[in-house]
Structure formats: C-alpha cells, structure tokens
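Chemist: Could you work out the structure for the sequence below:
(chains A, B, C and D)
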Number of protein chains: 2
Amino acid sequence: MTDTELPLPPWRRGVQKRTRPARPALSQAQIVDAGLRIVAEEGIEAVSMRRIAAVFGTGASSLYAHVANKEELLALMFDRICGDVVVPTPEPARWQEQIKEMARSGHAVMTRHNDIARAALATVPSGPNALRVSEGMLAILLAGGVPPEVAAWALDRLFLYLVADAYESSLHAQAAAGRGVGEAEMSEAFRDQLNGYFESLPADRFPNLRAHARAMTSGRQDERFEFGLDLLIDGVARYAA
Amino acid sequence: MTDTELPLPPWRRGVQKRTRPARPALSQAQIVDAGLRIVAEEGIEAVSMRRIAAVFGTGASSLYAHVANKEELLALMFDRICGDVVVPTPEPARWQEQIKEMARSGHAVMTRHNDIARAALATVPSGPNALRVSEGMLAILLAGGVPPEVAAWALDRLFLYLVADAYESSLHAQAAAGRGVGEAEMSEAFRDQLNGYFESLPADRFPNLRAHARAMTSGRQDERFEFGLDLLIDGVARYAA
DNA sequence: TCTACTTACGAACACCGTTCGCGTCAAGTA
DNA sequence: TACTTGACGCGAACGGTGTTCGTAAGTAGA
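Modeler: Modelled structure (predicted):
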C-alpha cells in the first residue's frame, strides 16, 4: 500500500494537477475504490463512468477531473489491487517456493476482484504497486541464482501466465454465478457436459479427444494453474546456478 | 477448412435452422468473413454488428437471422481462423519440435488476424476447427510418450499461453500502428522509453529493476514467446516416457 | 392465384465514453 | 469586507454500442 510519488511513466499523460482544489467532494482514490467495488460485485463489463459516478450521485463527466479516461482508471484500479500482493523477503534456498507463493498471492488477489485481470492484459503494468511486485519477484529470482537476463524474461512470462489464468478463471466463476450456482457445483456440471460432448465426437476424426475426454475435463482450475506454474518454474530452475 | 457437421456444444444454443431459406442474400459464412476482414484491418474493437452489416448495405438486425449474438459471432470467427493452423501428422521422435511448430503456427495465425485472440480468451474453443487443432496437438503429445493426464492439461496450458501472448502481441502492434509507425521501430522506441523509466526509479526501493533495466526490456516479442514456450515444453518433456 | 412461412430490416430501447459550456463556490487580493 | 478569479461540478449532447420487435416482402407449395 506504499505509493509515495514515483515519476509518471512518460507514455501516460495523467491529469494535470489543478493549483487549488475547490471542493474535495470527489477524489481519485474514492473513484478507484468505487470502481473496484463494482468490478468485484458485477464484473469488469459493468464498470462504466456513469455507473461509478452514480455511486457519488453525480454524472460521468465529474470523474474526468480526477481521471484522464477510462483506460487510466482501469490501470489505477489494477495497480491498487497490486498493493495487496504479499512480497516476501528473499530466502535463496527456497526461491522456487517463494516465487510460487507470490504467483498464488497475485492470482488470488485478482480472482478475488473478479475479472479485473482483463484490464491488466490491456496494459503494461507500471504503477507503483505493480512495480513493487515486479521488484519483489525479480529479487527472489536473482537471489535464487537465476541469471538476470533469464530472470527478467521469466518475470514477464510468469506475469502473462498469471494474468491470463486469472482472467480465464474469473470467466468460469462468472458463468457459474450467472446460473445462480456455486462455483464448485458449476464446474461439476460443466465438466459433465463437456465430457459428454467430447465423448460424442466422431471417433474417426477425434480419436484422442474422445478416448481421453476424462483427462481433458479433470481437475479444478487452481490445480491446473499450479500445474502450469510448475512447468514454468521448473523450466526457469534449469537456468539457476 | 474441414467443417462437416459436428454436434453443437450443448452450452451454445446457436440459431435454430429455418426449414426453407427464402432469399440467400446473406449467409453465416459471409458474415464471419466480413468480421474477420474488419478485425484484421481495424482491430477487434471495431467489430460491431452495425459495422459488419454495413458491408452488406443493410442494418445490424439482419445479422441475427444467421448468428445468435455477437459472442457467437466472435466464436465463429475464431474457429474459422483455427482452420488455418497447420496440423502435422505425429512423428514421435520429434514431438517437441512438432508441438512448437503448431504453437508457432497458431500464434502466427492469430497475430495475422490482429487482436482476435481476445475473443478466444473469453470462450472455451469448441468449434470444429479448434477441435481439429486440439486433436492434433494431443495426438503429438501422446505419440511423444506423454501420459494422457499430463498431455490433456499441458494442452490446456499451452493454449492459454498461446492465446494470451498473441493478444498481448497484437496490442503492442496496435499501439505501434496507432502511432503510424512500423512495429520494429516502435518496439525500439518503446523499449528506450521503458528502459529510461526503469533507470529513473529510486534506487533504494527498486534496486533490481534499476540494475537490470536492460534485461527487462531486451528481446523481441517473438523471442520472448519462444522462451516461454521452451519453458513449458521442457517441463512437459520431464513427464514423457 | 392464393396462402403460409421465413427472411429482411427500420425503428426503437437502453446503454456506452467523451466533450463542451455554463453555473457555482472557495480562495486570494485589494 | 468586497471583488475577482479560476478550477471544479455537472447537465446536455454527440456519436457510437448490442439487441428486440413489428412489419414489409418475397418465395414455395397448394
């Protein structure tokens, strides 16, 4: 939650500070909070300037004094939740586990906020909190003996994987909620449906999908996430000193 | 491009076929083509029902006779381009290289169609062509001696990685095009900018990002894709017989 | 020729992001 | 204390979006 002044990324113009605030009824922080509440409750699609403004009983145009545009607002929202990611101090001996912990923490933070991950896919995360997370992961990788060039790229790939899976997960969760059903039962029902579909495929053209329908649909989302995480980190570990 | 009748996935209602077509001026195939042309030229954001209908000199409502809604249309568009992915016949000895070839082919197909990957992130790919790709990849993995449970999950993770990276790549390409600049020069300019930003960070809080700014921003997008692909497939290979 | 049925499509509904211009009100100055 | 200034608040409007509905139109079969 530490976000003392950092230099603004040069490709984001931000909103020029007024010299004197007239009436501080609205603030950027409040707007970001309201946006996060909406995204958590109704999903990223429900986040609109009008919807947020309605929370404060005003019109959409009032927000543009505190936020350049919607894209920047989404970036601010994403950076805010990055503040919730736990960043441990590096312990070289267990760097792999630490990286996994951070990945899980980041994943959890994102899924807790519904499908906000989509906002992260559309941006280069460069806010203060996102940088804190990047710095932390990089430190762990380097402490583990991973060469800097490899660590930098691994960071990039891990982030991509993290965000993509979080987004996919949130879509599944949303589909469940849309049917007014808990996620566990939902994935159960959907699994059966998908399973039946695979097994109904013509055997001549889809022998393998048919034969291994069970395997294709097995496992929970978080188990699959962990599986992919293992693949990536095992791969990175091969480069470690 | 083979798409003889498959059973419709049970969770997609589709549009119920009329018994007799009156005047076949419009067809689903034409609509999908028009959508693909627009997405390739102007990006997924530009794809709207009205925009597609305008190609045929009609209104948006005319499309709903051939397509259930926009979501289905996007899914159909994605499946169409899956038909362009090259699916080799398995050669067990070089299964890793074959998987990479398919991944590269899929990645190329998606980036060639701009940011259509976003449509794939929002759906479980289940069209005939997507299934053909899945079947092909699964066949290669199994031929390479990867256990079915691992192969099925690896397929899932590879697909996620593929699509996510293609989406990210397209966004970068789009940012370049938006500035009326070739992608190569753009990434060059952006790299310098990002590099400068990392180096301008306060050294006390971001020592590693600062010290390794060069590594953080090095490499082309396709090189990073390849790097992540290697990580994943090396990981999978550890499970192979 | 008449009827039944399916498609085409304009209009409308309820949204969206963003801009513009006007009214308001707090702070600085005389 | 009175006046001036200027940033903020915000209603209205612009040009979009996905989707639905009712109706017009046109073809196939009787």
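Chemist: Would you mind measuring from residue A:50 to DNA strand C?
Modeler: Between residue A:50 and DNA strand C the distance is 4 Å, computed by CB to the nearest atom of the strand, to the nearest Å. For every residue, glycine as well, the C-beta is placed using N, CA and C.
Chemist: go on, residue A:109?
Modeler: Residue A:109 is 23 Å from DNA strand C, by CB to the nearest atom of the strand.
Chemist: Just list what the helix or strand containing that residue packs against, helices and strands only.
Modeler: Under the criterion DSSP states H and E, the helix or strand holding residue A:109 is helix A:95-112. Judged by 3 or more CB pairs under 8 Å, 6 or more residues apart in numbering or on different chains; DSSP states H and E, helix A:95-112 is in contact with helix A:70-82, helix A:128-143, helix A:148-178, helix A:221-237.
Chemist: For DNA strand C, tell me whether the next helix or strand after it is touching it.
Modeler: Per DSSP H and E, the first helix or strand lying C-terminal to helix A:95-112 is helix A:117-121. No - Helix A:117-121 stays clear of DNA strand C (CB under 7 Å from any atom of the strand), getting no nearer than 11.8 Å.
Chemist: now helix A:117-121, how far from the centre of its chain.
Modeler: Remark: helix A:117-121 is offset 6 Å from the chain centroid, using CA atoms, centre = their mean, to the nearest Å.
Chemist: And the contacts of it?
Modeler: Contact with helix A:117-121 is made by A:44, A:74-75, A:77-78, A:110, A:163-164, A:166-167, A:170, B:121, B:164, B:167-168, B:171, as judged by CB atoms under 8 Å, 6 or more residues apart in numbering or on different chains.
Chemist: The residue lying farthest from the centre of chain A: what secondary structure?
Modeler: Distance from the C-alpha centroid of chain A, by CA atoms, centre = their mean, peaks at residue A:204 (40.1 Å). Put simply, residue A:204 is coil when judged by DSSP: H, G, I helix; E, B strand; the rest coil.
Chemist: Find me the pLDDT at it, would you?
Modeler: pLDDT for residue A:204: 95.
Chemist: hang on, isn't residue A:183 packed against residue A:173?
Modeler: Yes - in this structure, residue A:183 is within contact of residue A:173 by CB atoms under 8 Å, at 5.4 Å.
Chemist: could you list every residue that touches residue A:78?
Modeler: Applying CB under 8 Å, 6+ apart, the residues contacting residue A:78 are A:116, A:119, A:120, A:123, A:125, A:127, A:130.
Chemist: what would those residues look like in CSV with distance to residue B:100 and neighbour count?
Modeler: Shown next, in CSV, are the contacts of residue A:78 (distance: CB to CB, whole Å; neighbours: other CB atoms under 10 Å in any protein chain shown):
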residue, distance to residue B:100, neighbour count
A:116, 32, 27
A:119, 31, 27
A:120, 27, 26
A:123, 29, 17
A:125, 28, 17
A:127, 35, 21
A:130, 31, 22
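Chemist: Distance check, the one residue sitting closest to the centre of chain A against DNA strand D.
Modeler: The centre of chain A sits closest to residue A:117, judged by CA atoms, centre = their mean, with a distance of 3.7 Å. Distance from residue A:117 to DNA strand D, counting by CB to the nearest atom of the strand: 22 Å.
Chemist: that older thread, out of the contacts of residue A:78, flag the one nearest to DNA strand C.
Modeler: residue A:119 (11.8 Å; CB to the nearest atom of the strand).
Chemist: Name the helix or strand of chain A that has the lowest mean pLDDT.
Modeler: helix A:183-199 (a mean of 82; mean pLDDT, DSSP states H and E).
Chemist: Quick check: which helices or strands does that helix pack against?
Modeler: helix A:148-178, helix A:207-211, helix A:213-217.
Chemist: Return the set of buried residues in that helix.
Modeler: A:183, A:186, A:187, A:190, A:191, A:194, A:197, A:198 (16 or more other CB atoms under 10 Å in any protein chain shown).
Chemist: now swap in stretch A:27-40 and tell me
Modeler: So for stretch A:27-40, counting by 16+ other CB under 10 Å, buried means A:31, A:32, A:34, A:35, A:36, A:38, A:39.
Chemist: relative to helix A:95-112, how tilted is the helix or strand the fifth one falls within?
Modeler: Think residue A:36. Secondary structure from DSSP H and E places residue A:36 in helix A:28-42. Counting by axes from the mean of the first three to the mean of the last three CA atoms, to 10 degrees, helix A:28-42 lies at 80 degrees to helix A:95-112.
Chemist: Could I get the average pLDDT for helix A:28-42?
Modeler: The model assigns helix A:28-42 a mean pLDDT of 93.
Chemist: between that helix and helix A:70-82, how many degrees?
Modeler: Using the same axes, to 10 degrees: helix A:28-42 against helix A:70-82 is 80 degrees.
Chemist: mind listing what's buried in the next helix or strand along the chain from helix A:28-42?
Modeler: Next along the chain after helix A:28-42, taking DSSP H and E as the criterion, comes helix A:49-55. Neighbour-count burial for helix A:49-55 flags A:49, A:52, A:53 (criterion: 16+ other CB under 10 Å).
Chemist: list the contacts for the nearest residue to the first one once chain neighbours are set aside?
Modeler: If I follow you right, that is residue A:49. Using CB to CB, 6 or more residues apart in numbering or on different chains and skipping residues adjacent in sequence, the residue nearest residue A:49 is residue A:60, 3.9 Å away. Residue A:60 makes contact with A:48, A:49, A:50, A:52, A:53 under the criterion CB under 8 Å, 6+ apart.
Chemist: same deal with residue A:105?
Modeler: By CB under 8 Å, 6+ apart, the neighbours of residue A:105 are A:85, A:86.
Chemist: Compare the helices and strands packed on helix A:183-199 and give me the one nearest residue B:234.
Modeler: helix A:148-178 (12.7 Å; CB to CB).
Chemist: what about that closest one and DNA strand D, any contact?
Modeler: No - Helix A:148-178 is not in contact with DNA strand D by CB under 7 Å from any atom of the strand; minimum separation 13.9 Å.
Chemist: Distance-wise, check the nearest residue in space to residue A:219 that is not next to it in sequence relative to residue B:146.
Modeler: Leaving aside its sequence neighbours, residue A:219 sits nearest to residue B:153 (CB to CB, 6+ apart; 6.7 Å). Separation of residue B:153 from residue B:146 (CB to CB, to the nearest Å) stands at 10 Å.
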